[in-house]
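# Quick check, what structure comes out for this input:
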Amino acid sequence: MLKNDLHVGSPRSRVDGPAKVTGQATYAAEFTAADLAHGYIVESAIARGRILSIDTAAAEALPGVVRVFTHENRPKTAWFDYKYRDMVAPPGAPFRPLSSDEIQYSGQPVALVVAESFEAAREAAGLVGVSYERQPHETDLDRARHDSYEPPKKRNGIAPPPAPRGDAQQAFAAAPVRIAGEYAIASEHHNPIEPHATTVVWEGGGKLTVHDKTQGVQNSQAYVTNVFGLSGDDVRVVSPFVGGGFGSGLRPQHQLFLAVMASLALERSVRVELTRQQMFGHVHRPETVNLVSLGAGEDGKLHSIQHQAIAATSRFEDHQEVVVNWSGLLYPAEHVDLRYELAKLDTYTPGDMRAPGAPLGVFALESAMDELAVATGVDPVELRLRNYAERDENDGKPFTSKELRACYREGAERFGWSRRDPRPGSMREGRELIGWGMASGVWEANMMKTSARATLTADGRLAIACATSYIGTGTYTILAQIAADALGLPMNAVDVALGDSTLPEAPVQGGSWTAASAGSAVAAACGSLRAALLTRATAEGSPLAGAGADDVIFEGGHVRSLKEPSHVVTLADIVAASGQDRIAATESAGPGLIGMMLPKSHSSYTHSAVFAEVRIDEELGVLRVTRIVNAVAAGRILNPKTARSQILGGVVWGIGMALHEETLTDHRLGRIMNHSLAEYHVPVNADIHDIEVIFVEERDEKTSPIGVKGLGEIGVVGTAAAIANAVHHATGKRIRSLPITIDKILQG
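Numbers count the residues shown, from 1 in each chain. Got it, this is the predicted structure:
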């Protein structure tokens, strides 16, 4: 017998918290080596063209400079494109740093200066002279969208839009109520607190220990071995802590390539870290335009849904996200037509950013649904209940579970939605207009094959090991909770190791699947270890001899008889009696494994209902989001404390998307103008007011063996739409482009 849920389900503080607040947690740019050299990247000043010449003489003459690498002298690497493709790469030809004289985007690395100190490398980088041949470029989606196309090859793991149902265009034309609009979202750039960095420690004999900022240590390892022709035994990637990933670390970034290249060429340790300005030279959420048309009856019941999205991508890769599928999933309609297209720009390839695709498409859909509520006079919550989907409308599959109705009910009650005057501009306090808006949220609940090892040592401590990365979500803590409950141990008797390519296999840390995937793997490994311990504990001669699994309890570091409490064996004694210093078990969990249903039989999603209050100065247009209530149905909640933090963080991201974040490009030069935190606005403490998180009870035994759905993305998905709808309620002005800035409010 297992005494369940002593730790799981309770609000526990992060086990890694002390290491972080005392500075003991070590990040990629903080590892060191005796002979460490420093690299600084020189970036392209044009958006498209060729390098005519590079003058490195002045840089190389500077004291402390070791070498300047360019496309003319860089070491040879793999030739074929597939060698550069990582585990989550989109179709196309992956970017190859310093591979040729071709310039593909502004900010592209054109040289790497390696010196004995970071300061010397940075100074020398300013002395590198580059002459270019400029070619016509395009960085404006408004112009490029006219040449949009359906991507010919699909990105692995990204579902394309389903086939059309019925005749959506004809049904729209015949509908009594019609809503049609264009909804645009600006490009956003990743700005995690830890910039991207790689420290390569030269171990001698061609062996490397790589400390990389990554959301997948085994992804980075595979990339390095493939590109540089190394064996897996030669490259170990270690990343115990990541200072915020949010998708920016899913793919290997160019500083990894450059640091490894320099280390191999110089046969010494090298670090390459990006400045905050250089962070704007790679991963970003793609600028996207949505065209949404809804046809409905006068009662608000949907007859027709049309949703087309055009997203920006680079010229060399077709980055793809799930943007329009949510419109076919959330609400039933007989006639549905969903289309997703790309437009080529002279930029770096966009990347996944927290809930990739969903906030873009859901903002458009939920804004249009709010417009439909206004047009029909139906309350926005009631409108969504009238159009409630009982199954996945895209493929007809049943849901593993769905408690969105409860999200609407509990969120509305906590927010006080019944007191809302539906008339736009009708609620005010002094010179401030008050608006209340809401929106639905949805994100896929996935589980990926993951392995974990559980090891009990002779001192009675339990060690958990899994290669999954730790990006600050609380993974160390929830895995310790699961393991502690499995063997009846206190949490402080459990050690968790993550972020090391030598540990049991795990996918990249993303998609909100880590808790379900790694958590289930740890539960499986601990289950096997418990069975092995029980076999030894009940062997002949033991006080528990002949006892079965239901006759004993694992508790307090002991195995104890339920019938005779004095009959007990310590876990440490079981290990000692085995004649070994440890007993270990390794197991895997994933779709179709350990008794789970086949993954294709059901659809599984996390749902939310977001309610927002805004206050807008009627004369100045200054907007404050003063209240958010987010009701979330996400299956079993392993740790309410860290889970709440995940939703709080997601809501803040949504506020940033709605009101602040916007990458501004000078299209004449093809260069980003606000490439610093001084000018690229993100929410700060003064922008964030009251946020309340409600976890709606939801049981789901099909999504994962431990009943978990995942929380990393759902918090951001519906937030921007709820805020935009609240702005309309306050002002009567429908703003269909994000971010919502003062000028848009004043202009209407």
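
# got any ranges where the stretch 501-650 of the chain has weak pLDDT?
Across the stretch 501-650 of the chain, the stretches falling below the confidence threshold (pLDDT under 70) are 592-599.

# let's see 80
For the stretch 501-650 of the chain, residues meeting the criterion pLDDT under 80 lie at 592-600.

# next one: the longest helix seen in the chain to chain centre, how far?
Identified as the longest helix of the chain according to DSSP state H is helix 514-537. On the basis of C-alpha atoms, centre = their mean, to the nearest Å, helix 514-537 sits 27 Å off its chain's mean C-alpha point.

# which other residues reach the helix or strand just after that helix?
Beyond helix 514-537 in the direction of the C-terminus, DSSP states H and E gives the next helix or strand as strand 552-555. For strand 552-555, the external contacting residues (C-beta atoms under 8 Å, 6 or more residues apart in numbering) are 1-3, 486-488, 530, 534, 537-538, 544, 559-562, 571. Yep, even glycine has a C-beta here, placed from its N, CA and C like the rest.

# quick one: the helices in the stretch 551-700 of the chain?
For the stretch 551-700 of the chain, helices defined by DSSP state H, counting those that start in this stretch occupy the ranges 571-577, 640-659.

# and the first one, what other elements does it pack with?
If contacts are counted by 3 or more C-beta pairs under 8 Å, 6 or more residues apart in numbering; DSSP states H and E, helix 571-577 sits against strand 450-457, helix 514-537, strand 558-561, strand 582-589.

# swap in the longest one?
Contacts of helix 640-659 with other secondary structure elements, assessed using 3+ C-beta pairs under 8 Å, 6+ apart, are made with helix 358-376, strand 623-633, strand 690-695, helix 714-717, helix 719-731.

# how long is stretch 270-280 from one end to the other?
Across its full length, stretch 270-280 reaches 23 Å between end residues, using C-alpha to C-alpha, to the nearest Å.

# hmm, back to that, go through the longest helix of the chain and flag the buried ones.
By 16 or more other C-beta atoms under 10 Å, the buried positions in helix 514-537 come out as 514-527, 529-530, 532-534, 536-537.

# Point out the other helices and strands that the strand or helix carrying A262 packs with.
Using DSSP H and E, the element containing A262 is helix 254-266. With contacts defined as 3+ C-beta pairs under 8 Å, 6+ apart, the secondary structure elements packing on helix 254-266 are strand 37-43, strand 65-69, strand 109-115, strand 197-204, strand 207-212, helix 217-228, strand 270-273.

# C-terminal to the first one, what's the next element?
Using DSSP H and E, the helix or strand that follows strand 37-43 towards the C-terminus is strand 49-55.

# Next, the angle strand 65-69 makes with that following strand.
150 degrees (axes from the mean of the first three to the mean of the last three C-alpha atoms, to 10 degrees).

# when you give positions from now on, start the count at 5
Noted, 5 is the first residue going forward, which turns the last one into strand 53-59.

# Following element in sequence after strand 53-59, please.
Downstream of strand 53-59, the first helix or strand assigned by DSSP H and E is helix 61-65.

# helices or strands next to that following helix in the packing?
For helix 61-65, the packing partners by 3+ C-beta pairs under 8 Å, 6+ apart are strand 69-73, helix 122-129.

# Name the residues of the shortest one that come out as buried.
Residues of strand 69-73 classed as buried under the neighbour-count rule (16+ other C-beta under 10 Å) are V69, V70, R71, V72, F73.

# Helix 122-129 and that strand, what's the angle between them?
With the same axes, to 10 degrees defining the directions, strand 69-73 sits at 50 degrees from helix 122-129.

# Which elements pack onto strand 69-73?
Judged by 3+ C-beta pairs under 8 Å, 6+ apart, the packing partners of strand 69-73 are helix 61-65, strand 113-119, helix 122-129, helix 258-270.

# if you set the cut-off to 10 Å instead, what comes out?
Under the contact criterion of 3 or more C-beta pairs under 10 Å, 6 or more residues apart in numbering; DSSP states H and E, the helices and strands touching strand 69-73 comprise strand 41-47, helix 61-65, strand 113-119, helix 122-129, helix 258-270.

# List the pairing partners of the first one within its sheet, with orientation.
Okay, so that is strand 41-47. Strand 41-47 sits in its sheet next to strand 113-119 (antiparallel), strand 274-277 (parallel), going by DSSP bridges.

# Which positions in stretch 143-159 come out as buried?
Neighbour counts using 16+ other C-beta under 10 Å place T143, D144, L145, A148, R149, S152, P155, R159 of stretch 143-159 among the buried residues.

# Please disregard the earlier target; I meant stretch 429-436.
Of all the residues in stretch 429-436, those buried under the rule 16+ other C-beta under 10 Å are G429, M431, E436.

# how about the nearest residue to the last one, chain neighbours excluded?
Put plainly, it is E436. Setting aside the residues directly before and after it, E436 is nearest to R619 in space (C-beta to C-beta, 6 or more residues apart in numbering), at 4.5 Å.

# I'd assumed T735 was in contact with that neighbour.
No. When contacts are counted by C-beta atoms under 10 Å, R619 is not listed as touching T735 (11.2 Å).

# Between these two, which contacts overlap?
In the contact map built from C-beta atoms under 10 Å, 6 or more residues apart in numbering, the residues linked to both R619 and T735 are L437, G439, L627.

# who wins for neighbours among the residues you listed?
With neighbours taken as other C-beta atoms under 10 Å, the top of those is G439, carrying 28 neighbours.

# and it, backbone torsions?
phi -130, psi 140 (degrees, to the nearest 10).

# Now it. Nearest residue, chain neighbours left out?
Residue nearest to G439 in three dimensions, not counting chain neighbours: A734, with 2.8 Å by C-beta to C-beta, 6+ apart.

# CSV for the helices and strands packed on helix 644-663, including distance to D554?
Shown next, in CSV, are the helices and strands packed on helix 644-663 (distance: least, C-beta to C-beta, whole Å):
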stretch, distance to D554
helix 362-380, 44
strand 627-637, 33
strand 694-699, 32
helix 718-721, 38
helix 723-735, 47
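
# for the ones you listed, which one ends up most surrounded?
The highest average neighbour count among these, using mean count of other C-beta atoms under 10 Å, belongs to helix 718-721 at a mean of 31.

# relative to its centroid, which residue of the chain is most remote?
With distances taken as C-alpha atoms, centre = their mean, the residue sitting farthest from the centre of the chain turns out to be G545, at 52.5 Å.
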